[in-house]
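[1] starting from these lines, generate the structure:
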Amino acid sequence: MKKFWIGLFFASIFLGGCSSDEKDDNKQVSSKNQIEEVEENEEVAQVTQPVEEYIPKEVNYFDIKAPDQLTDLEKEMLRHPGIFSGEQYDEAKVNEALDQLPDNLTPEQYLEELKYLFAEDYHEELETLLHFDSSVKVNIDRPDESIDTPKLKKAHFAILIDASGSMKAMSGNKTRMEAAKEAVQEFAEQIPEEATISMRVYGHKGSGGEADKKLSCSSTESLYNGTFDNSKFQKSLQKVQPAGWTPIGLVLEKVKEDIPKDADDVVVYVVSDGIETCGGDPVKAAKALATDEIETVVNIIGFDVDNEGQKLLKEVASAGNGEFTYVSSERDLKEYMKVQYEEIKMAWIKWKNEGKLETVKVKQEKEQLAVKTKLSLEQKAVREKQRMESAQNYLKKRFSEIGHPISEVYSMVVEYGSSKYTYAVENGAKAYLETVESGSKQFQEYEEEGSKKIEEMDEKKNE
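    Predicted coordinates for the structure are as follows:
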């Protein structure tokens, strides 16, 4: 009986201990479950807590007048430059800005942030290419081919021969008169067929004596007038014999009677061996001839004239001298036309050369603009792409967990930058090549037309 109560005592103690341990264990399990539940609730709360909404940066674009509707890429290239574009790039400040970006953006949102930071300014180059005029047009004034064909003029040659006594003097192995007659005859044979010629003698009456001065000084006579007839002219010329005084002023006044009314141009040749000896005013008379309605030139041919005589005769020639151009035969007309065609030919040569030079100049200027614009676009596209790639790599190291959205941005950056570079290459090259083609065509047009016109003038000149 005693053994029973002892056993029951120990059993109660054991059972009591077990009961106490179970209670403690139950308490521990309950506390652990509560902790886990709190942590789970915190995680749930953390997951369900709303993320701060992403607000994209405001984007502005340049406004330009485009000849055609802009493509999406061209519109994108009009974006205002990023805060770190061009010379504004500062690596330390760039990294500070990148550190401010949240870690939960989408790839597209990260790309937008990179554009905001690094986009280059393309609007001037883009506008240049959009409005690029590759046509090379050069406008050099074309030569005037019109020729003012001269009217056939009727010329008259008046020869005034000094028949004063001093013409008997010897000049070499001939008398002055003999030498004068040969010169006059030779000259008369050379005048144009359509021209008229007159021959007048003066001082041929009386003698060189004082008693015959009045008679001699008032003597002048027309010996020949009309178209040239060699035989008749020679006979008339042989009548001239040296005799008296020298009335040059008188003969210059009287020669007007020999000039046909329908003559257009008159050339007067005074053949003399000395100065006026009859008190006349040959300078005044020569000037009156030169200022007459009919254009007149007075030439003096002197024989063995002394210094004083040369001086006076030069004054007479000067008073009646004047240059003029006339055409009085088909032969002269052809010579005139040759000169005109040669002048036009030279004008076409000048036109061709100036056109080619100006074409090359304009072509080179446009080529240089195309190349300069293309290179500038390419350089900016490369710089922009490199800076975006560098920034993407920086963010990739910052957000190092596997599968982060920043990893997808690299390919987007490459595509974004490559599209601009390709645009620069294609459109810059297009502007350049079209300029080359247009310039070469314009150059060839000046070469071909100029050469054709030059050849035409040579043909006309040689007809």
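[2] now do residue 385 against residue 225, distance only.
    Residue 385 is 101 Å from residue 225, where distance means Cβ to Cβ, to the nearest Å. For the C-beta atoms, the positions are set from N, CA and C on the backbone; glycine is no exception.
[3] more crowded one of the two?
    residue 385 (20 against 17; other Cβ atoms under 10 Å).
[4] is it true that residue 384 touches residue 119?
    Yes: applying Cβ atoms under 8 Å, one finds residue 384 in contact with residue 119, separated by 6.5 Å.
[5] and for those two, which residues touch both?
    Residues touching both residue 384 and residue 119 by Cβ atoms under 8 Å, 6 or more residues apart in numbering: residue 85.
[6] with adjacent residues omitted, what lies nearest to residue 145?
    Spatial nearest neighbour of residue 145, excluding adjacent residues (Cβ to Cβ, 6 or more residues apart in numbering): residue 344 at 5.8 Å.
[7] run a quick neighbour tally on that neighbour.
    Applying other Cβ under 10 Å, we find 21 residues neighbouring residue 344.
[8] secondary structure element for it?
    In this structure, residue 344 is located in helix 330-398 according to DSSP states H and E.
[9] equivalent analysis for residue 236, please.
    According to DSSP H and E, residue 236 maps onto helix 230-238.
[10] that helix packs against which elements?
    Contact partners of helix 230-238 among helices and strands, from 3 or more Cβ pairs under 8 Å, 6 or more residues apart in numbering; DSSP states H and E: helix 176-188, strand 196-202, strand 220-227.
[11] and it with strand 196-202, angle?
    10 degrees (axes from the mean of the first three to the mean of the last three Cα atoms, to 10 degrees).
[12] residue 425: neighbour count?
    Residues within reach of residue 425, counting by other Cβ under 10 Å, total 14.
[13] before we move on, what about residue 252?
    Neighbour count for residue 252, taken as other Cβ under 10 Å: 30.
[14] CA-only coordinates of stretch 106-113 in CSV, if you can.
    Presented in CSV, the C-alpha positions along stretch 106-113 are these (Å, rounded to 0.1, in the frame of the first residue of the first chain):
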residue,chain,number,x,y,z
THR,A,106,10.7,50.6,-67.2
PRO,A,107,13.3,50.3,-70.0
GLU,A,108,11.4,53.0,-72.0
GLN,A,109,11.4,55.3,-69.0
TYR,A,110,15.1,54.9,-68.5
LEU,A,111,15.7,55.6,-72.2
GLU,A,112,13.6,58.8,-71.9
GLU,A,113,15.7,59.9,-68.9
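[15] now do that stretch: distance to the chain's middle.
    52 Å (Cα atoms, centre = their mean, to the nearest Å).
[16] still on that earlier bit, could you give me the average pLDDT of the next helix or strand after the helix holding residue 236?
    Per DSSP H and E, helix 230-238 leads on to helix 248-254 as the next helix or strand towards the C-terminus. Average pLDDT, helix 248-254: 91.
[17] and the helix or strand that helix 248-254 is followed by, how far out from the chain middle?
    Following helix 248-254 in sequence order, the next helix or strand is strand 265-272 (DSSP H and E). Computed by Cα atoms, centre = their mean, the chain-centroid distance of strand 265-272 equals 52 Å.
[18] next: stretch 360-374.
    On the basis of Cα atoms, centre = their mean, stretch 360-374 sits 14 Å off its chain's mean C-alpha point.
[19] that's all I had, so thanks and see you.
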